[in-house]
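*Asks:* no FASTA, just this:
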């Protein structure tokens, strides 16, 4: 049974769709901010690693945008890597499960 249906159904099996829509909206907002937070942390770590020369082409990646003073190249690199990881299950679920398993062990 769907969690939202179970949570927003009374004893007479009358659905409270407004409550389910509100919870779904909160879930979407939560996922958005979690992704935003993840991008922020990962780009900061990437910028620090590029500063220390840990990446190939670190001199290219370690640049700040003169107008916004933000590391746009690292942010774009993190975004592209996140998109590729999100698309990986379309190609191979085994590879995606291996990556998420190793990440879970690392955490």
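*Replies:* Sure, I can see it. Keep in mind the model is a prediction, meaning the values are calculated, not measured.

*Asks:* which residues touch residue 51?
*Replies:* 58, 62 (CB atoms under 8 Å, 6 or more residues apart in numbering). Backbone N, C-alpha and C define where each C-beta goes, glycine included.

*Asks:* Report pLDDT for it.
*Replies:* Looking at residue 51, its pLDDT is 91.

*Asks:* Next up, identify which helix or strand the residue nearest the centre of the chain is on.
*Replies:* Residue closest to the mean C-alpha point of the chain, counted by CA atoms, centre = their mean, is residue 35 at 3.5 Å. Assigned by DSSP states H and E, residue 35 falls within helix 17-51.

*Asks:* Give the buried residues for that helix.
*Replies:* 20, 42, 43, 46, 47, 50 (16 or more other CB atoms under 10 Å).

*Asks:* Which strands and helices lie in contact with whichever helix or strand comes after it?
*Replies:* Sequence-wise, the next helix or strand downstream of helix 17-51 (DSSP H and E) is helix 58-61. Helix 58-61 sits against helix 17-51, helix 72-91, with contacts defined as 3 or more CB pairs under 8 Å, 6 or more residues apart in numbering; DSSP states H and E.

*Asks:* May I see the ones you listed arranged in JSON lines, with distance to residue 59 as well?
*Replies:* Converted to JSON lines, the helices and strands packed on helix 58-61 look like this (distance: least, CB to CB, whole Å):
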{"stretch": "helix 17-51", "distance to residue 59": "8"}
{"stretch": "helix 72-91", "distance to residue 59": "11"}
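
*Asks:* right, so of these, which gets closest to residue 107?
*Replies:* helix 17-51 (12.5 Å; CB to CB).

*Asks:* Now do the contacts for the nearest residue to residue 88 once chain neighbours are set aside.
*Replies:* In this structure, residue 88 finds its nearest non-sequential neighbour in residue 96, 4.6 Å apart by CB to CB, 6 or more residues apart in numbering. The contact partners of residue 96, taken as CB under 8 Å, 6+ apart, are 85, 88, 89.

*Asks:* Which one (most neighbours) among these?
*Replies:* Ranked by the number of neighbours (other CB atoms under 10 Å), the contacts of residue 96 place residue 88 first, at 16 neighbours.

*Asks:* Point out where the protein drops to low pLDDT.
*Replies:* 1-5, 10-15 (pLDDT under 70).
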